[in-house]
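Undergrad: Give the three-dimensional model of this entry:
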Amino acid sequence: MSTFALYKLPIVVLRELVKQFGLAEIFNVSIISRRSQRNVELLMRPGKTLDLHLNVTENSMISVQRNDEYLHVKVVEFAELMEEPTTISWVNINGTPVPMAIVGQTLYLTDKESALKEVTKHISKVFRCKVQGVSLGDSCSFNMPSWVIDFVNSQQSSIKTLWLDGEDASVEDLSYVLTEAKISDELQCSLKFSKKGPQPDIQVGQLSMKQFKNEISSRMTIEHLLNLNFEFGDLEESSFRSKDINTFLKHWMSGGCERLYELHIELKRPMNFNKVLREIDFEVIPFGDVKEFDSKKFNDTLEIRGGVQVRRKTDGKIARLLEDGADASYFSIYVFE
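TA: A predicted model of the protein is given here:
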């Protein structure tokens with residue numbers, strides 16, 4: 001069988017050749033040797049069209065997307081195999097020989113945590129891109145791997161998106177994640193707590209992002225909300241009371257959550273609009289007064305009719321407040337320039 005001296009080709013030719021490779025081919029070439037890794041890194045253009053996502057759950061996976069093409073590298077421990085692999089290869093990961101069994105795009109290694117770190121760093125180098133999104137936990141597990149936040153923070157200044165999922169996750173782990181994470185675009189939570197009793201003392205840091213979504217907000221407190229600065233917010237199944245919304249309104253009117261553009265809060269109990277507006281200067285807007293609003297929640301232009309209007313003293317922005325639902329169980333804020 002004849003061989004071909006790939007790396008003796010001119011760099012211009014090599015770069016054009018690598019452009020024709022799929023993501024899986026590039027990854028497979030990069031783990032052959034340290035030299036192959038360096039060459040691939042040299043030939044790859046900065047990954048502006050690449051999206052690297054780290055999914056740390058029971059079925060951990062590192063995903064790379066380029067336009068409509070995906071590479072999913074699943075990382076599990078040998079102990080999770082039904083049978084010990086018959087063939088184990090020693091491959092190069094960041095210059096270190098690592099024992100690995102590859103079945104499809106699943107990598108079987110000896111230690112999942114260290115493997116995820118090293119393989120993520122390797123893929124980031126090879127494809128010349130940063131981690132864009134992180135998913136932690138899943139709905140069937142209490143495991144919330146907070147170490148991932150330290151790892152990502154050590155590699156880059158922030159991530160675009162963070163998804164948190166789990167049932168009865170450790171309060172300590174959740175607090176660590178929600179105080180140490182640095183998020184630019186979106187934080188999305190779906191956290192269930194089946195145990196009854198006192199409200200868990202989850203700590204939330206001063207986080208600023210474009211979007212905040214909480215699918216199960218029953219354990220979220222007004223103190224948590226006051227620590228967040230976002231443009232779009234959507235809270236489902238919240239336990240907020242009328243006085244909590246009143247506190248948030250006063251917070252916004254005094255300059256808090258200054259990025260706010262749109263907020264929707266689903267309430268478990270009926271709201272008393274008079275208590276919401278207590279000690280707040282407001283104007284009742286006739287139903288015939290219509291303003292158009294580009295809603296992120298509904299991805300459409302809405303006609304905002306009537307409602308109550310308040311003005312922020314710090315910059316003069318106005319907001320329309322609407323109560324929706326026959327039992328006043330839904331509250332919305334729309335902010336206009």
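Undergrad: quick one, strands of the stretch 101-250 of the chain?
TA: 106-109, 131-136, 159-167, 183-192, 207-214, 228-238 (DSSP state E, counting those that start in this stretch).
Undergrad: Any chance of these in JSON lines with distance to residue 289 as columns?
TA: Where C-beta positions appear, they are placed from N, C-alpha and C, glycine not excepted. Output for these, formatted as JSON lines (distance: least, CB to CB, whole Å):
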{"stretch": "strand 106-109", "distance to residue 289": "59"}
{"stretch": "strand 131-136", "distance to residue 289": "41"}
{"stretch": "strand 159-167", "distance to residue 289": "37"}
{"stretch": "strand 183-192", "distance to residue 289": "33"}
{"stretch": "strand 207-214", "distance to residue 289": "29"}
{"stretch": "strand 228-238", "distance to residue 289": "24"}
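Undergrad: can these go into TSV with extra columns for distance to residue 17, mean pLDDT and mean neighbour count?
TA: Formatted as TSV, those follow (distance: least, CB to CB, whole Å; pLDDT from 0 to 100; neighbours: other CB atoms under 10 Å):
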stretch	distance to residue 17	mean pLDDT	mean neighbour count
strand 106-109	25	58	20
strand 131-136	27	94	22
strand 159-167	31	93	21
strand 183-192	35	94	18
strand 207-214	39	96	20
strand 228-238	43	96	20
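Undergrad: of all those, which lies closest to residue 55?
TA: strand 131-136 (4.4 Å; CB to CB).
Undergrad: From the contact counts, what lies against the closest one?
TA: strand 50-56, helix 147-155, strand 159-167 (3 or more CB pairs under 8 Å, 6 or more residues apart in numbering; DSSP states H and E).
Undergrad: please redo it, this time with the cut-off set to 6 Å
TA: strand 50-56, strand 159-167 (3 or more CB pairs under 6 Å, 6 or more residues apart in numbering; DSSP states H and E).
Undergrad: What are the contacting residues of stretch 264-273?
TA: Applying CB atoms under 6 Å, 6 or more residues apart in numbering, the contact partners of stretch 264-273 are 234-236, 238-239, 242, 297, 323, 327-332.
Undergrad: if you set the cut-off to 7 Å instead, what comes out?
TA: Contacts with stretch 264-273, where a contact means CB atoms under 7 Å, 6 or more residues apart in numbering, come from 233-240, 242, 245, 297, 323, 327-332.
Undergrad: Next: stretch 58-68.
TA: By CB under 7 Å, 6+ apart, the residues outside stretch 58-68 that reach it are 23, 49-55, 70-75, 112, 116, 119-120, 123, 127, 138, 141.
Undergrad: If we use 6 Å, what do you get?
TA: 23, 49-55, 71-75, 116, 119-120, 123, 127, 138, 141.
Undergrad: quick check, distance from that stretch to the centre of its chain.
TA: Distance of stretch 58-68 from its chain centroid, counting by CA atoms, centre = their mean, to the nearest Å, is 14 Å.
Undergrad: cool, stretch 306-323 as well?
TA: 30 Å.
Undergrad: If the residue most central in space within the chain is in a bridge, with which residues?
TA: Nearest to the centroid of the C-alpha atoms of the chain, with distances taken as CA atoms, centre = their mean, sits residue 162, at 1.8 Å. Assessed by DSSP bridges, residue 162 has beta-bridge partners residue 134, residue 187.
Undergrad: do the same with residue 265
TA: Counting by DSSP bridges, residue 265 is bridged to residue 235, residue 331.
Undergrad: Quick check: pLDDT value at it.
TA: Note for residue 265: predicted pLDDT of 95.
Undergrad: how much space between it and residue 225?
TA: 9 Å (CB to CB, to the nearest Å).
Undergrad: Give me the more crowded residue out of the two.
TA: residue 225 (26 against 22; other CB atoms under 10 Å).
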